[in-house]
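*Asks:* the sequence and its predicted three-dimensional model are supplied below.
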Amino acid sequence: MNRLGRGESGSAPAEFVLVTVLLLTLVLGVLQLGAVLLVRNTAQDAAMEGARWAALDGNGPAAGAARTRQVLGTALGAAYARAVSAGTGSWNGQRVAVVTVAAPLPVIGLLGVPGGLTVTGHAPVEE
């Protein structure tokens, strides 16, 4: 019995380290996925809000882009509100306001690849 026990001595700390590294990697990966989804959903919502704002009677693409920058700046910070473009387009014969946001794709925390994430919002123009 003593002989079998000697071969197992010291294995608990090694197993603890291996399992901890694996679980820590898994938890950090899930948190990073959450950060990516937060940025994507917020940018999409800001683009849609900007398109709705640009589509209002009396407003235009410049007002929609400004509204999008305001929403992104408030929610995520000024770095995410840099690359916003707005214009008009057509969808099924209907004139629509289009707002496009190119935001950094978070790789480590909220730091990431500039312009790695592009989302677009559309809204029918009031006439």
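*Replies:* Nice, I can see it.

*Asks:* packing partners of the helix ranked longest in the chain?
*Replies:* Counting residues, the longest helix in the chain under DSSP state H turns out to be helix 11-55. Packing partners of helix 11-55 (3 or more CB pairs under 8 Å, 6 or more residues apart in numbering; DSSP states H and E): helix 61-75, strand 83-91, strand 94-108, strand 111-124. C-betas here are computed from N, CA, C, even on glycine.

*Asks:* contacts for the first one?
*Replies:* Counting contacts by CB atoms under 8 Å, 6 or more residues apart in numbering, the residues outside helix 61-75 that touch it are 42-43, 45-47, 49-56, 80-81, 84-88, 97, 99, 101, 103, 121.

*Asks:* PyMOL command to pick out the buried ones of the residues you listed?
*Replies:* Selection of buried members from the contacts of helix 61-75 for PyMOL, criterion 16 or more other CB atoms under 10 Å:
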select buried, resi 42+43+45+46+47+49+50+51+52+53+54+55+80+81+84+86+97+99+101+103+121
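
*Asks:* thanks a lot, see you next time.
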